[in-house]
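Asker: Pasting the sequence and the predicted coordinates here, then a few questions.
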Amino acid sequence: MVTPSTRDRDRIQQAIAWARDDKPAYSGLLQLLEGLYLLQAAVKATLRLPAPTLDPVTVRAGRQAGFPMVQRWELPVDLDAAETVLEGVERHIPADNALLKAAHRELTRAARAGGDERAEVWSGFLRDEGESWTQWADPEDLDPATLIFLARSCLKPSLEKGAEDLLSRFPLEKDWDRGYCPVCGSLPSLLLVEGEGARKASCSWCASTWPIPRLMCPACDSRDHASLGYLYVEAEPHCHVQYCESCGMYFKQIDVRERLYTPLTALEEMTTLHLDLLAQRAGWRQPPSPSPIVYGRREPDAETRDPV
């Protein structure tokens with residue numbers, strides 16, 4: 001049985017304990033997330049992944065031109081590690097979450113196929129191939145958002161580890177001011193305000209972080225203050241929704257300057273689903289995970305819509 005490091009365990013459990021006290025409405029979800037995050041941290045600590053072949057000159061030139069280091073699907077993935085998460089998370093699924101139980105059952109069955117079929121199952125979740133999963137599962141029995149959330153939760157340790165390895169080889173320079181991830185070209189899942197008011201983005205795909213200007217839309221790169229606005233939650237003055245009139249999309253932003261502990265970004269994303277509801281009721285669209293600037297225009301993927 002894999003176990004996380006003491007440091008990771010303490011950080012995760014501290015953040016979960018704070019969320020239980022501060023956001024009781026999410027108590028049912030926190031049961032799942034605590035088990036999932038501890039399992040992901042433990043699996044990630046065991047990974048030894050092959051490094052993508054890159055050289056410093058190419059990386060430097062690409063960054064200057066606004067290119068990420070790799071495409072999303074080029075990050076190395078350990079399928080055994082993904083299936084360790086899949087097996088371990090089952091005991092943390094709430095008994096009343098029928099959608100997640102169904103997704104777990106079908107993904108487990110498909111992953112056990114072995115050989116090329118097994119690899120194709122996981123590849124579909126890496127390459128954003130629409131509803132590729134309908135080839136091995138009955139769409140009437142599954143919720144797409146739940147299935148994608150589960151599959152990418154299993155792949156997350158590899159994606160994060162691969163990105164960390166790349167950034168250790170090619171540290172981010174201060175001149176990267178794009179709204180998409182310098183590693184994989186994905187949009188942020190969350191924006192954080194830290195320190196003296198600097199803003200940091202957290203990648204929706206590989207969890208890399210990078211500084212971005214306070215006045216910009218990560219999706220379309222608009223920096224026109226007249227087109228950017230905010231929605232506020234009166235009871236949560238540190239929580240905002242930044243919307244962009246140019247592209248119609250929004251991003252959640254959390255001010256963590258008064259936090260007494262390091263925030264767990266994945267948890268912050270999941271315990272601010274009420275901000276998504278606020279923004280969408282106001283007519284703003286949730287952005288896709290792949291940046292439209294890097295990967296072209298597409299509809300937001302199901303991963304970002306009511307995941308559990």
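Answerer: Thanks, I have it.

Asker: which residues of the stretch 51-200 of the chain fall in helices?
Answerer: Here the stretch 51-200 of the chain has its helices, by DSSP state H, counting those that start in this stretch, at 56-64, 79-89, 98-111, 115-126, 144-169.

Asker: winner for burial among those?
Answerer: Stretch with highest mean neighbour count among the helices of the stretch 51-200 of the chain: helix 144-169 (a mean of 22; mean count of other C-beta atoms under 10 Å). Heads up, the C-betas are built off the backbone N, CA and C, glycines and all.

Asker: residues making contact with the helix or strand bottoming out on mean pLDDT in the chain?
Answerer: For the chain, counting by mean pLDDT, DSSP states H and E, helix 115-126 ranks last in confidence among helices and strands (a mean of 87). For helix 115-126, the surrounding residues in contact (C-beta atoms under 8 Å, 6 or more residues apart in numbering) are 72-73, 77, 79, 82, 107, 110-113, 129, 132-133, 136, 148, 151-152, 155.

Asker: hmm, 7 Å instead?
Answerer: The contact list for helix 115-126, computed with C-beta atoms under 7 Å, 6 or more residues apart in numbering, reads 72-73, 77, 79, 82, 110-111, 132-133, 136, 148, 151-152, 155.

Asker: could you dump it to PDB, C-alpha only?
Answerer: In PDB, the C-alpha atoms belonging to helix 115-126 read as follows (Å, rounded to 0.1, in the frame of the first residue of the first chain):
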ATOM      1  CA  GLY A 115      -2.600  -4.400 -24.400                       C
ATOM      2  CA  ASP A 116      -3.400  -1.800 -27.000                       C
ATOM      3  CA  GLU A 117      -7.000  -1.500 -25.900                       C
ATOM      4  CA  ARG A 118      -5.900  -0.500 -22.400                       C
ATOM      5  CA  ALA A 119      -3.500   2.200 -23.800                       C
ATOM      6  CA  GLU A 120      -6.200   3.500 -26.100                       C
ATOM      7  CA  VAL A 121      -8.600   3.900 -23.200                       C
ATOM      8  CA  TRP A 122      -6.300   6.200 -21.300                       C
ATOM      9  CA  SER A 123      -5.000   8.000 -24.400                       C
ATOM     10  CA  GLY A 124      -8.600   9.200 -25.100                       C
ATOM     11  CA  PHE A 125      -8.600  11.100 -21.900                       C
ATOM     12  CA  LEU A 126      -5.100  12.600 -22.600                       C
END
